[in-house]
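# 3D model of this:
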Amino acid sequence: MEAVSTLTLELPYPPSINHYYRRIGIRTLISREGRAYRERVCAILKDVVSAPMRGRLRVCIDVHPPDRRRRDLDNAMKSLLDALEHGGVYEDDSQIDHLEIRRDMVNRSGSVVVTIKELRDGA
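Numbering: from 1, shown residues only. Have a look, this model is predicted:
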């Protein structure tokens with residue numbers, strides 16, 4: 001598949017799935033920390049994204065943790081991918097056919113560099 005368009009973003013380090021949801025009685029809600037992260041990402045995206053990508057996607061994520069503690073890379077992906085969807089980068093994260101996550105160098109503030117490629121079918 002050939003890339004039709006590409007978007008690269010540097011975003012804040014996402015909260016872990018362990019901190020993204022909160023249970024209140026029988027309801028499961030996005031936590032205060034999760035909502036704050038989504039709002040930060042949406043503020044960054046508002047000047048970058050004009051329309052959501054509608055095709056199949058390849059997403060590559062370079063994770064720059066804020067420190068050297070042990071971390072499961074996959075635990076931070078739900079909040080990141082949901083924030084990208086909410087910020088209008090794509091319509092739904094079910095469009096992602098290829099997801100690549102790589103741990104990179106520590107960055108004191110923590111960040112993720114996300115490259116999203118919209119793919120052309122049949123190439």
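# Which parts of the protein are helices?
17-20, 32-45, 77-86 (DSSP state H).
# Packed most tightly, which of the ones you listed would that be?
helix 77-86 (a mean of 21; mean count of other Cβ atoms under 10 Å). Any C-beta I mention is one placed from the backbone N, CA and C, and that applies to glycine too.
# which residue packs closest to the one residue sitting closest to the centre of the chain, ignoring adjacent ones?
By Cα atoms, centre = their mean, the chain has its centre lying nearest to Leu80, at 2.8 Å. Here the nearest residue to Leu80 in space, its sequence neighbours aside, is Pro14; by Cβ to Cβ, 6 or more residues apart in numbering that works out to 4.2 Å.
# what does Glu91 give?
Pro52 (4.9 Å).
# for His98, same thing?
Arg58 (4.2 Å).
# How much space separates the one you found from His64?
20 Å (Cβ to Cβ, to the nearest Å).
# same deal with Val113?
Taken as Cβ to Cβ, the span from Val113 to His64 is 7 Å.
# Show me whatever sits in contact with both of the two.
Residues touching both Val113 and His64 (Cβ atoms under 8 Å, 6 or more residues apart in numbering): Asp104.
# circling back: ok, the residue nearest to the centre of the chain - contacts?
Leu11, Pro14, Val41, Ile61, Val112, Val114.
# right, and the pair among those with maximum separation?
Taking Cβ to Cβ, the two most distant members of these are Val41 and Ile61; they sit 13.1 Å apart.
# distance of the residue of the chain most remote from its centre from Cys60?
Relative to the mean C-alpha coordinate of the chain, counting by Cα atoms, centre = their mean, the farthest residue is Gly25 (28.2 Å). Here the criterion is Cβ to Cβ. By it, Gly25 lies 39 Å from Cys60.
# Then Leu45?
18 Å.
# who's in contact with Arg70?
Contacts of Arg70 by Cβ under 8 Å, 6+ apart: none found.
# Tell me how many other residues surround Ser16.
17 (other Cβ atoms under 10 Å).
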